[in-house]
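Peer 1: sequence unknown, structure follows:
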C-alpha cells in the first residue's frame, strides 16, 4: 500500500496463496506489472528483468506514478469534503441543542 500511496509502481511476483490475485489486481488497477512465468510455469531471470525494465526504464513507470498521484489527489479531496460535511452536521446539531462552540 505504501508504494501506491507514494506513487511507486509495483513489480508483482506471486508465489502462493492470494498473491496471484493481488498481482492481477495490481495490473488491473494500473499501478504495477506482474512477472510472467515461462512456458514451464516458473519464473526466470528474463521475465523478472522485463518486469523491472517495464516499471523503471520505460515510460509506463511515469504513467503509473502519475495515475497513482492523480488518484491520491482525488481521494484527499473526497476525504476533505466528507470531513467538512461531518463538521457542518455536528455544528448544526450543536446549534439546535444550544451548545456553544469556538470553531
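Peer 2: Thanks, I have the structure now. Keep in mind that this is a model prediction, so the values were computed, not measured.
Peer 1: mind showing which ranges of the chain have poor pLDDT?
Peer 2: 1, 5, 59-61, 65, 68-77, 79-80, 83, 99-103 (pLDDT under 70).
Peer 1: can you give me the helices in it?
Peer 2: Along the chain, counting by DSSP state H, helices occupy 2-5, 19-29, 45-56, 60-96.
Peer 1: and the contacts of the third one?
Peer 2: The contact list for helix 45-56 (C-beta atoms under 8 Å, 6 or more residues apart in numbering) reads 9-13, 32-38, 60-61, 64. Yep, even glycine has a C-beta here, placed from its N, CA and C like the rest.
Peer 1: returning to that earlier point: dump the helices of the chain to a markdown table, plus mean neighbour count.
Peer 2: Below are those laid out as a markdown table (neighbours: other C-beta atoms under 10 Å):
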| stretch | mean neighbour count |
| --- | --- |
| helix 2-5 | 12 |
| helix 19-29 | 14 |
| helix 45-56 | 14 |
| helix 60-96 | 12 |
